[in-house]
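**Student:** coords please:
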Amino acid sequence: MQLKKLHKEALNYCQLNQLDQAEKIYEKILKKFPRDIQSLSNLGLIYLQKGEFLKAEKIYDDLYKFERSINFLKNYINLKFEIKKSDSILKIIKENDPSLNIFFEQLLKAYRYLKRFDEALELINNKNEKELSSMSLVLEYYMIFNHNKKYDDAINILKENENKFNNPDLLNINMGISLRNKSEYEQAIQYLQKINIDKSELSNEAKKELIKNYLDISDIQSAEKLIENERSDTLKSELVALSGDYYVEKNLNKKAIKKYEEAIFLYEDNFAAKTSLAEIYLSNENYKEGFELYKWRVRRGIQLNKRFYVDDTDVIDIKNKEINIIGEQGIGDEIFYLRFLDLIEEKQRYKINLYIDERLLDLVKNNLSGFNSYPITHFNNNLKNNHVNINIGSIPRLIDWNSAEIKNVKFSKYNLIPRISREKKRIGISWSSKNVQLEDYKSIKLEKLCEVFDNKKEDLEIISLQYGNWISEFNKIKDKKKISIVFNEKDDLFNDINKLISLVCSCDLVITVCNVTAHIAGLFGIKTILLVPRYHGRLWFWFGEKSRWYSNSIYFIQDEDKNWDNVIRNISNKFWNILF
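**Tutor:** Numbering: from 1, shown residues only. Predicted coordinates for the structure are as follows:
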């Protein structure tokens with residue numbers, strides 16, 4: 001075997017973009033020379049270009065044992081970004097560039113992906129670069145400031161580095177986004193209007209941002225004109241759906257329905273509009289039509305990279321079949337949908353395999369009889385004869401039930417852990433959501449939440465129901481507000497759901513944002529004060545604003561997006577009446 005000749009032949013195929021032919025030659029070389037760096041590197045690049053990331057990772061993981069060139073490390077890090085392994089990136093950079101002369105930008109990006117924004121900010125402060133070297137680094141700084149709600153810093157970093165942007169539209173659209181985050185809608189519009197919305201590569205995004213800002217200031221005329229002038233039915237459908245969202249926010253559901261129907265007419269595969277329309281029907285207790293439309297949440301979720309194991313939108317019949325029911329999205333959603341299982345008759349349950357988050361298996365086994373329950377990691381999407389796969393939220397669409405039955409699933413039938421009598425009332429609190437898309441909207445600062453307890457703390461025992469390490473925050477609250485929050489450092493409330501259930505059920509009252517704690521408290525009928533974001537809690541309104549879904553939960557909804565002032569004030573005023 002002439003190695004040089006084979007290398008040359010493979011490279012020729014690469015240059016002609018005949019990657020399959022090149023791949024065969026490199027695989028042939030590696031059978032005889034398994035540590036040939038050139039073949040391994042190029043084969044890894046071929047897998048990257050073909051989007052076969054797991055194959056590429058195996059090659060690069062092997063190469064990393066004896067290859068540390070800068071080009072290789074750059075490709076290796078980019079691969080890890082593609083497969084969302086940011087922790088691995090931190091390790092690679094720390095092992096190969098501890099002074100951060102080469103991979104500073106990649107480290108920032110990894111911290112951002114991991115939502116470790118405090119460390120990213122500390123890195124920026126320590127680096128103290130007076131002039132940023134590239135547009136991509138400017139944007140990395142900008143995104144980190146934006147995620148940390150440091151909108152002024154985000155805007156300043158863009159303004160100070162205007163000369164780095166070879167595409168001014170990219171600068172203008174990001175300025176528009178940050179100004180809208182600051183509620184400076186008029187200024188945001190000014191920047192967005194600098195973009196040539198007919199010719200720019202960013203025209204679609206610019207139009208969406210313009211519509212949002214017009215609607216934020218209730219400039220319906222400008223929004224409608226922009227929509228009217230749009231030539232693409234697909235984009236026009238998206239813009240019309242944004243108008244529908246606006247009317248939902250204004251509680252004008254009849255107008256919202258018309259907009260969503262128009263959006264669907266323009267583009268049948270506008271799954272966001274179909275899902276939003278379903279939510280309105282469900283909130284109006286129009287269950288048959290609502291649940292039929294709600295199936296499109298699956299396609300919408302897949303578009304948003306949410307966790308859906310199966311697309312069941314084409315399933316129309318599950319009679320006389322063995323059924324695999326699969327948990328969807330996140331653990332909170334799985335808990336939310338669990339009661340749909342009560343709609344299934346006992347005699348049918350032996351044919352049902354339930355695949356859910358492993359942390360919920362005990363909860364299901366202790367409260368729902370007849371189902372075969374397995375960890376969701378055991379689910380195999382390969383269908384056997386006479387089997388059908390459906391998501392847990394699709395149950396009402398695919399079985400026979402009536403409106404009375406769907407209303408009854410709201411009542412808690414789950415076994416409540418007996419509550420111990422205490423001298424002080426026990427209040428459980430949870431303030432953070434790790435939902436990637438909605439964290440900024442759902443979460444509240446612990447210090448802000450604790451304002452509820454001003455002048456009340458002597459009569460209460462306050463315990464943490466929040467997963468994660470918050471010891472430093474607890475110490476700050478104790479020093480600043482003289483409030484002691486009870487917690488056990490050894491408790492792992494993220495993985496040990498049984499422990500979280502036990503703590504929730506020990507409380508006289510739970511105060512929580514829209515996260516898994518809210519679902520657990522609602523499921524077990526614990527009296528709950530729920531902090532609902534203004535524009536991002538629509539699923540919670542399915543059965544009315546006072547939660548006819550979770551009958552012991554009381555909603556407190558923001559007046560203004562990302563502003564909890566009115567919520568905390570209203571909870572404080574009504575606290576004792578709710579507790580007793």
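**Student:** Now do the contacts for the closest residue to Ile497 other than its chain neighbours.
**Tutor:** Here the nearest residue to Ile497 in space, its sequence neighbours aside, is Arg359; by C-beta to C-beta, 6 or more residues apart in numbering that works out to 4.2 Å. C-beta here means a position set from N, CA and C on the backbone, and glycine is covered the same way. The contact partners of Arg359, taken as C-beta atoms under 8 Å, 6 or more residues apart in numbering, are Ile331, Asn495, Asp496, Ile497.
**Student:** Can you say which of these are buried?
**Tutor:** Of the members of the contacts of Arg359, the ones counted as buried by neighbours, 16 or more other C-beta atoms under 10 Å, are Ile331, Ile497.
**Student:** what's the closest of the contacts of Arg359 to Ile37?
**Tutor:** Here the nearest of those to Ile37, counting by C-beta to C-beta, is Asn495; it sits at 40.9 Å.
**Student:** quick revisit: want to throw the contacts of Arg359 into CSV with pLDDT and secondary structure?
**Tutor:** Formatted as CSV, the contacts of Arg359 follow (pLDDT from 0 to 100; DSSP: H, G, I helix; E, B strand; the rest coil):
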residue, pLDDT, secondary structure
Ile331, 89, helix
Asn495, 91, coil
Asp496, 93, coil
Ile497, 93, helix
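**Student:** Go through the contacts of Arg359 and say which is closest to Arg422.
**Tutor:** Closest approach to Arg422 among the contacts of Arg359 (C-beta to C-beta): Asp496, at 22.7 Å.
**Student:** In space, what's closest to that closest one - neighbours in sequence excluded?
**Tutor:** Arg359 (7.7 Å).
**Student:** Ok, Phe53 next?
**Tutor:** Nearest residue to Phe53, sequence neighbours excluded (C-beta to C-beta, 6+ apart): Ile83, at 4.9 Å.
**Student:** quick one: contacts for that neighbour?
**Tutor:** Ile83 sits next to Phe53, Leu54, Glu57 when contact means C-beta under 8 Å, 6+ apart.
**Student:** Now those residues in TSV, please, with extra columns for pLDDT, neighbour count and secondary structure.
**Tutor:** TSV is the format used below for the contacts of Ile83 (pLDDT from 0 to 100; neighbours: other C-beta atoms under 10 Å; DSSP: H, G, I helix; E, B strand; the rest coil):
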residue	pLDDT	neighbour count	secondary structure
Phe53	86	17	helix
Leu54	85	8	helix
Glu57	90	20	helix
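**Student:** and which of those is nearest to Leu338?
**Tutor:** Leu54 (32.9 Å).
**Student:** Report the spatially closest residue to the closest one, excluding sequence-adjacent ones.
**Tutor:** If you skip the residues right next to it in sequence, Leu54 has Ile83 as its closest partner in space, 7.3 Å away by C-beta to C-beta, 6+ apart.
**Student:** hang on, the earlier thing: give me the pLDDT for the residue nearest to Phe53.
**Tutor:** The confidence metric pLDDT takes the value 84 at Ile83.
**Student:** Same check on Asn415?
**Tutor:** If you check Asn415, the pLDDT there is 67.
**Student:** next one: Glu140
**Tutor:** Listed pLDDT for Glu140 reads 91.
**Student:** quick check, it in a helix?
**Tutor:** Yes. Secondary structure assignment places Glu140 in a helix (DSSP: H, G, I helix; E, B strand; the rest coil).
**Student:** show me the contacts for it.
**Tutor:** Taking C-beta under 8 Å, 6+ apart as the definition, contacts of Glu140 comprise Glu105, Leu108, Lys109, Arg112.
**Student:** from memory Glu249 sits against Gln558, does it?
**Tutor:** No. Counting by C-beta atoms under 8 Å, Glu249 does not reach Gln558; the two are 11.1 Å apart.
**Student:** Which residues are in contact with each of the two?
**Tutor:** Common neighbours of Glu249 and Gln558 are listed as Arg534 (criterion: C-beta under 8 Å, 6+ apart).
**Student:** quick one: which of the two has more around it?
**Tutor:** Looking at Glu249 and Gln558 with other C-beta atoms under 10 Å, you find the greater number of neighbours at Gln558, namely 20 against 15.
**Student:** wait, what's in contact with Asn148?
**Tutor:** Phe117, Leu121.
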